[in-house]
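Student: Structure here, sequence nowhere to be found:
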């Protein structure tokens, strides 16, 4: 499983766009990039998943450059309720090995300030 | 529809006792995962069930840990002779098949005194 590196923490003011970048230099051809959000005392919640270029949903956008060695989660106009830990994961979605376990690092703790 | 549910939400036990944690996945999800999360840490994979296949137990930290999944639905994680280092939040997740986004339950907070 490819290792990921993210900033430990970030601060942002309400209403700003937040970009969290994740490095995954050893990403493999079959690997997808997935982001989860976790609030205190809750399980992680899926945000977005992508393979290349740009993916957008109602919550966030995910930008993946051509070399796929990094990815950036973009949260538009954050609010106080976006304060959480954000995890970047890389894994083989179609592995024939029989499992697709997620390897979570410590994530990025985002604090939104009023 | 209902999400992943886990019970109990909190469990306090004495060192050396056995505990059972329950996970009820989303209906129709064939894959089920157990993780644990220590305070301030990321998630640690424990075990994975996929349909009727043999489970992937590669993440279980010791032979005191075991899990079963009956009827392809509900799963029970059992920790025998609990130790203080077993204190953590135990999270269960499920998905439709391998590789799809996982949906997590609220977790069981285990405290071993």
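Tutor: Perfect, I can see it now. Keep in mind it's a predicted model, so treat the numbers as computed, not measured.
Student: pLDDT at the spatially closest residue to residue A:33 that is not a sequence neighbour, what is it?
Tutor: Leaving out its chain neighbours, the residue that sits closest to residue A:33 by C-beta to C-beta, 6 or more residues apart in numbering or on different chains is residue A:71, at 4.7 Å. Where you see a C-beta, it was placed from the backbone N, CA and C, and this is true even at glycine. For residue A:71, the pLDDT comes out at 95.
Student: pretty sure residue A:71 is in a strand, no?
Tutor: Yes - assessed by DSSP: H, G, I helix; E, B strand; the rest coil, residue A:71 belongs to a strand.
Student: Pull the number of nearby residues for it.
Tutor: Neighbours of residue A:71 under the rule other C-beta atoms under 10 Å in any protein chain shown: 25.
Student: Surely it touches residue A:51?
Tutor: No - counting by C-beta atoms under 8 Å, residue A:51 is not a contact partner of residue A:71; they are 10.1 Å apart.
Student: Mutual contacts of the two, please.
Tutor: Contact with both residue A:71 and residue A:51 is made by residues A:33, A:64, according to C-beta atoms under 8 Å, 6 or more residues apart in numbering or on different chains.
Student: quick revisit: give me every residue that touches the residue nearest to residue A:33.
Tutor: Going by C-beta under 8 Å, 6+ apart, residue A:71 touches A:21, A:22, A:24, A:33, A:50, A:62, A:63, A:64, A:65, A:88.
Student: Using neighbour counts, trim those to the buried set.
Tutor: The neighbour count (16 or more other C-beta atoms under 10 Å in any protein chain shown) marks A:21, A:22, A:24, A:33, A:50, A:62, A:63, A:64, A:88 as buried among the contacts of residue A:71.
Student: Pairing partners for the worst-scoring helix or strand of chain A on mean pLDDT, with directions?
Tutor: The weakest-scoring helix or strand in chain A, judged by mean pLDDT, DSSP states H and E, is strand A:84-92 (a mean of 87). Applying DSSP bridges, strand A:84-92 is found paired with strand A:31-38 (antiparallel), strand A:108-113 (antiparallel).
Student: Just say helix, strand or coil for the closest residue to residue A:56 other than its chain neighbours.
Tutor: In space, and not counting its chain neighbours, residue A:56 is closest to residue A:62: 7.6 Å by C-beta to C-beta, 6+ apart. Here residue A:62 is strand, with the state taken from three-state DSSP.
Student: gap between the residue nearest to residue B:111 when sequence neighbours are not counted and residue B:108?
Tutor: Nearest residue to residue B:111 in three dimensions, chain neighbours excluded: residue B:12, at 4.7 Å (C-beta to C-beta, 6+ apart). Distance, residue B:12 to residue B:108, using C-beta to C-beta, to the nearest Å: 11 Å.
Student: These two: which is more packed in?
Tutor: residue B:108 (23 against 12).
Student: For residue A:13, give me its contacts.
Tutor: Counted by C-beta under 8 Å, 6+ apart, residue A:13 has contacts A:112, A:113, A:114.
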